[in-house]
Structure formats: C-alpha cells, structure tokens
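Colleague: Quick one, what's the 3D model for this:
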Amino acid sequence: MTLSNLKRVPLLGLDIGVFAVKGLVTVGDDIEKVCRLTAGNPAAAAGECLKELLTNIKAPTVRLGLTGNNAKLVAEKLGIRPTLEIEALQAGLASRSISADGVLSLGHENMYYLELDQGGVVTFFNHNGQCAAGSGSFWYQQATRMGYNDRELAEVAISAGSAVKISGRCAVFAKSDMTHAINGGASQRTVAAGMAKALVDLVVTGVARSRIKGPGTLVILGGVANNKAILKYMQEYCRERDVEIVVPEDHEYINSLGAAQKGVEVPLSLLNQEGLFLEKYTPENPLPPLDPERVYYSRETDPHNPYNLATLYLGVDCGSVSTKCVLLDSEGRFMGGIYLPTAGRPALQVLELVKKVGDTYGHLLRGEVPVVACTTGSGRFLAQKILTAEYAIDEITCQAEGVKSLYEEDSLAIIEIGGEDSKYVQIKNGVLFDYNMNPICAAGTGTFLEN
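Modeller: Here you go, the predicted structure:
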C-alpha cells in the first residue's frame, strides 16, 4: 500500500481497557473520538464504539487497530492480531510528536512506566503486574463507597489541610486503614488526601521503581491523569527532583491513535455484521443457582403480643460497610431494626439511624421510657460518643450473645463474614470458648462484593 493510499483509508483504533473503551477514527485531518464504559462487557462496549465511529464512513475498507487489556476478545472475532499497549503508546506519542524522558500510564487496573531515549526507543519498562493497588479502580471504588464519583473525591482530597497516614502497599490494607480512620472520627477530606498520597507513593516506588529523576520531562496519561489529587502529590514529588510533568490534551486516546497507526486493513462489511459482539458469555464450569428456600430465617415476633415498654434496649453496630441497629423491649423481644450503608460516613449514618428509629418507632416511645444503649462494630467508640451510650462492647462478644439468644443449644459454632472482618466463634456450655478472625487482610469479606 502506498503512502497516498494509506492517507485515503480511514484509520480506526480502539483501546479496549478494563473500565472503558476509547476509540477514534481519522479521515484525512478529521478526527472523531468516542468513549464507552465496559460495564462488565468490554466486547459489547467495543461494538458500540465501532458502530458510532463507522456511522459516516463510506470507504469500503478501514485500517483497524486494537489494543488494551481486553483487545483479544474483539481481535479473535475479527481474525486480527491486537497491538501491545506499549507499542500502541509509542506509536501514539510519535504520531502526536510528544517527546519525554519518561512516560507514566495510569489506568483503571494497569499501570506502567517507561523511559525513552532521544529517538523514542524504550530503554526501560516496568508494569504493575497482577496487583491493581494504586490504580484507578481502587480510587473509583472508594469514591463510590463514600458517595462521590472519582473526580468529586479528588476535589475533596485537595481541599484537605492534612492527610491521614494510609498504607499504599496493598489495596486491602489501605482500605482497612481508611475504614478505621473514618470510624475513629477522621474526616473524609483527610482520609481521601491520605489515600491520594499513598497511591502516589506506590506508583513512584512500585511502578516507576524510584527512577523518576531530573532534570527532565515526565508525561502522565491514562484515566488517573485526570485525578487532581493524584496530580497534586505527583507534582510535589517531581518538583523536588526537577522533573516537569506534562499531561497531553486528549491523553486518554493516545493508545487508540497508536493502535490505528499499526492497524490492518479490514472490509467495512466485516465490522457491520449484526450481533458481531453480542455473544452471551457462558462460564466453563457454571455453578447451580442459589436456592433461597435453603436459608433459615429467624421467626418474626408476634405483633399481637404487646411489648413491655418498661425499659427499651438499643443495640447499634457501626461497621465498615453497614450501620444497623435493633430495638428490644424489656423482655428482650425483638421490636424492629434499621439497616443503612455506612458509605464512609459513620457519624452521619449513626445520626440517621437515630432519626429513622424515631420515625419508625416513635409512637412506642411516648412518655419517659428509659433506653439503654450499647454499641459495637469497628466504629463502636465513635457511635458511643454520639449516642452517649452506656456500653461499647467488642463484636465477638456481641455476636456470641446475639446467637445464643436465638438458639437453645449450649454448644454452637458461628462463622461470620462481615464488611472487613471474618470470624469463627465457638460456644461451649453456653460460654464463649474460642474464636479466630482475620487480623489485617480483608480479602474475601463483604467489601469485595460491595466493590
């Protein structure tokens, strides 16, 4: 193919990542860009991007290139070979005449650092491997958990005057540090700032291997390059080392552009096939569906039996993922409860519990009904202070006593999987006999399902 023919053929590139598909098509000097979230189906998102990008294409063929973590899913359907991300990045930088001493790509799960010589040849490369700690996915998950989007949480972080110390080596440890800090009364601002600093520390030491040194220029691209909090602490780090940071315009599409440059010519009719990317995923070893009939639920209290309101007992469990409470009458009968997500706001959610208890059960609390309150959970001391509760008891003791109240057996075994804590509790002869729990790592707990 001659150079003149190449200029007439539309160039189309897709960067099919974990979180989003970024695509562009160039026809002469005109460029059209599109981005779609994968939403768990990257092939379908890529199909949507292709459909939109090909809307105004009249040529019989296009030069198509694919790159990204999920490019293989689409490449196999089209019978072409995907381009390695590092090759697409090099081609994209060259196409836009962007030169730098180092390049830091920060994606939703994949992060890599490379160094270039004056000719644009890679002289050093490092990747984050399997662990996504420090990537955009962790920031996105924590922002969602706190009730923000990723950019809103970045604004919250940069408004902080100080930062809580957060472990950045492991995402699970970092989340545990954040939860304990918030449940201990730290503000979301200082915790978000601490998370940003921890992620930057991980990137510069783990991904860049502490090789960012000046004088020179560092190009930062990828979705995380739009995070103002991450950029703030990256700039502080680079300023001390005489390194200038450059975030190119439309940096999210540089890999797409590079893929297009390295693409192969395919007929337009192949890409316009109906349902090409809508194949339903079928697991190799599917598990049977869950059966709700096999779950035992405790019996409801008889609503016709009047409650004994001489004294009421309020139990509040302020956890990392959820904040909940129950109300018992003087005879220990369950009157009802409230369940709320903690959402990174334990203090506000405890206050919301009080409000909802009043709204729901206020008609039973008329007059001077004494209420004895006890708190538990990782935020028990914060909740105790807010409620001026008489007691704050550890979760293991509360779980043992709670289960004993539901069953008549003297010997019981309890397996509890919470938001960040998992426990095994053994009761013998009606007494708490033994227990074990995950000491630090929250892998396999409810936070994974929440994320």
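
Colleague: May I ask you to confirm that residue 237 is in contact with residue 200?
Modeller: Yes. Residue 237 is within contact range of residue 200, at 6.4 Å (criterion: C-beta atoms under 8 Å). Where you see a C-beta, it was placed from the backbone N, CA and C, and this is true even at glycine.

Colleague: for the most centrally placed residue in the chain, phi and psi?
Modeller: Nearest to the mean C-alpha position of the chain, counting by C-alpha atoms, centre = their mean, stands residue 141 at 2.2 Å. Dihedral pair for residue 141: phi -60, psi -40, per degrees, to the nearest 10.

Colleague: List the contacts of the closest residue to residue 117 other than its chain neighbours.
Modeller: Nearest non-adjacent residue to residue 117, counting by C-beta to C-beta, 6 or more residues apart in numbering: residue 123, 5.4 Å away. By C-beta atoms under 8 Å, 6 or more residues apart in numbering, the contact list for residue 123 reads 115, 116, 117.

Colleague: Per-residue pLDDT of the residue nearest to the centre of the chain, please?
Modeller: You'll see residue 141 listed with a pLDDT of 82.

Colleague: How about residue 434?
Modeller: 91.

Colleague: got the contact list for it?
Modeller: Residue 434 sits next to 425, 426 when contact means C-beta under 8 Å, 6+ apart.

Colleague: shaky segments in the protein?
Modeller: Within the chain, the stretches with pLDDT under 70 are 1-7, 130-134, 168-172, 274-282, 295-304, 440-444, 447-451.

Colleague: did I read that right, the residue nearest to residue 117 in a strand?
Modeller: Yes. Counting by DSSP: H, G, I helix; E, B strand; the rest coil, residue 123 is located in a strand.

Colleague: sorry, back to before: from the contacts of residue 123, which single one is nearest residue 332?
Modeller: Distance to residue 332 across the contacts of residue 123 (C-beta to C-beta) is lowest for residue 115, with 67.6 Å.

Colleague: Could you give the bridge partners of that closest one?
Modeller: residue 102, residue 124 (DSSP bridges).

Colleague: So which of the contacts of residue 123 is the closest to residue 271?
Modeller: Once C-beta to C-beta is applied, the member of those that ends up nearest residue 271 is residue 116, at 33.4 Å.

Colleague: From residue 192, how far off is residue 151?
Modeller: 12 Å (C-beta to C-beta, to the nearest Å).

Colleague: Of the two, give the one with the bigger neighbour count.
Modeller: A side-by-side neighbour count of residue 151 and residue 192, using other C-beta atoms under 10 Å, places residue 192 first with 30 against 14.

Colleague: can I assume the more buried one is in contact with residue 153?
Modeller: Yes. If you go by C-beta under 8 Å, residue 192 and residue 153 touch, sitting 5.5 Å apart.

Colleague: picking up where we left off before, closest to residue 80 among the contacts of residue 123?
Modeller: residue 116 (27.3 Å).

Colleague: quick one, what contacts the closest one?
Modeller: Per C-beta under 8 Å, 6+ apart, neighbours of residue 116: 99, 100, 101, 102, 103, 122, 123.

Colleague: hmm, back to that, if I look at residue 192 and residue 153, which residues touch both of them?
Modeller: 142, 146, 229.

Colleague: Turn the residues you listed into CSV, including distance to residue 72.
Modeller: Listed next are the shared contacts of residue 192 and residue 153 as CSV, based on distance: C-beta to C-beta, whole Å:
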residue, distance to residue 72
142, 29
146, 34
229, 33
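
Colleague: between the residues you listed, which is nearest residue 214?
Modeller: Set against residue 214, the nearest of the shared contacts of residue 192 and residue 153 by C-beta to C-beta is residue 229 (22.6 Å).

Colleague: OK, contacts around the closest one?
Modeller: Contacts of residue 229 by C-beta under 8 Å, 6+ apart are 153, 154, 155, 157, 158, 192, 193, 196.
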